[in-house]
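Colleague: Please work out how this folds:
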Amino acid sequence: MKIIGSVTSPYVRKVRVVMAEKKLDYSFELDNVWGADTRVQETNPLGKVPCLMMEDGSAMYDSRVIAEYLDTLTPVCKLLPPNGRERADVKVWEALADGVLDAAVLVRLERTLRPREQQSEKWIERQMGKVHAGLHVMAKDLGEAPFCMGNHYTLADVAVGCCLGWLLFRFPEIEWRGEYPNLARLFDKLSERQSFKDTVPFEP
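Modeller: Here you go, the predicted structure:
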């Protein structure tokens, strides 16, 4: 299998963390979707990363789809419950983390790709409102539990850890560590896992 992606994308990082936790072998092909030489649209018509290339040449895209598929490939470190409400709850955590990222990414694109005079502060404020609301709910739902789903490490923790890591990387001005010490504790614990250590985002 091959992952097409970037070292800065939190969605790519989520898939790479899952790969590592599941002890799956893969190759990693770098692609900057904003670069003039990007080729990701040849495999993903949406032009987004990550894109998982299968052995038969077919492509799978969207980090949530890929992560769910990867969890079925081996019983090592099961990240999703088999069915029912508990599985849905993990997916809700993942949707919340990805939703915070979606909003923050839109803000970053507005600030970096659009000329200053064309930027919409109302749009930025609306998206940042989603980021802060999402962080608040994450902290409330985590409470004093060791992991998002209680005592068990799941895909919810992978998604939340990648979200928080990207916010530290791209939005260090958001003081979520001080405001939500329980999220900081969770993030610090996740950051000790080898899968997270090996996938810390950086500017290439």
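
Colleague: quick one: S27 from G35, how far?
Modeller: 20 Å (Cβ to Cβ, to the nearest Å). The C-beta positions use only the backbone N, C-alpha and C, and glycine is treated the same way.

Colleague: Hmm, I typed the wrong one, I wanted V12.
Modeller: In this structure, V12 and G35 are separated by 15 Å, where distance is defined by Cβ to Cβ.

Colleague: Those two: which is more packed in?
Modeller: Neighbour comparison, V12 and G35: the larger count goes to V12, with 26 against 11 (by other Cβ atoms under 10 Å).

Colleague: Show the contacting residues for that one.
Modeller: Taking Cβ atoms under 8 Å, 6 or more residues apart in numbering, we find V12 in contact with 3, 5-6, 49-50, 63.

Colleague: and with 7 Å instead?
Modeller: In this structure, V12 makes contact with 3, 5-6, 49-50, judged by Cβ atoms under 7 Å, 6 or more residues apart in numbering.

Colleague: And Y26, by the same measure?
Modeller: Contacts here follow Cβ under 7 Å, 6+ apart; on that basis Y26 touches 1-3, 19.

Colleague: With pLDDT, secondary structure and neighbour count added, can I get the contacts of V12 in JSON lines?
Modeller: Below are these laid out as JSON lines (pLDDT from 0 to 100; DSSP: H, G, I helix; E, B strand; the rest coil; neighbours: other Cβ atoms under 10 Å):
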{"residue": "I3", "pLDDT": "97", "secondary structure": "strand", "neighbour count": "20"}
{"residue": "G5", "pLDDT": "97", "secondary structure": "strand", "neighbour count": "25"}
{"residue": "S6", "pLDDT": "97", "secondary structure": "coil", "neighbour count": "21"}
{"residue": "V49", "pLDDT": "97", "secondary structure": "coil", "neighbour count": "26"}
{"residue": "P50", "pLDDT": "98", "secondary structure": "coil", "neighbour count": "26"}
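
Colleague: Serialize the residues you listed to a markdown table and add fields for distance to T72.
Modeller: Below are those laid out as a markdown table (distance: Cβ to Cβ, whole Å):
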| residue | distance to T72 |
| --- | --- |
| I3 | 17 |
| G5 | 21 |
| S6 | 26 |
| V49 | 22 |
| P50 | 17 |
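
Colleague: how near is W34 to S9?
Modeller: In this structure, W34 and S9 are 11 Å apart, going by Cβ to Cβ.

Colleague: who has more neighbours, those two?
Modeller: A direct count of neighbours by other Cβ under 10 Å for W34 and S9 places S9 higher, at 23 against 10.

Colleague: correct me, but that one touches V49?
Modeller: Yes: with contacts defined as Cβ atoms under 7 Å, S9 counts as touching V49 at a distance of 5.5 Å.

Colleague: Many thanks, I have nothing further to ask.
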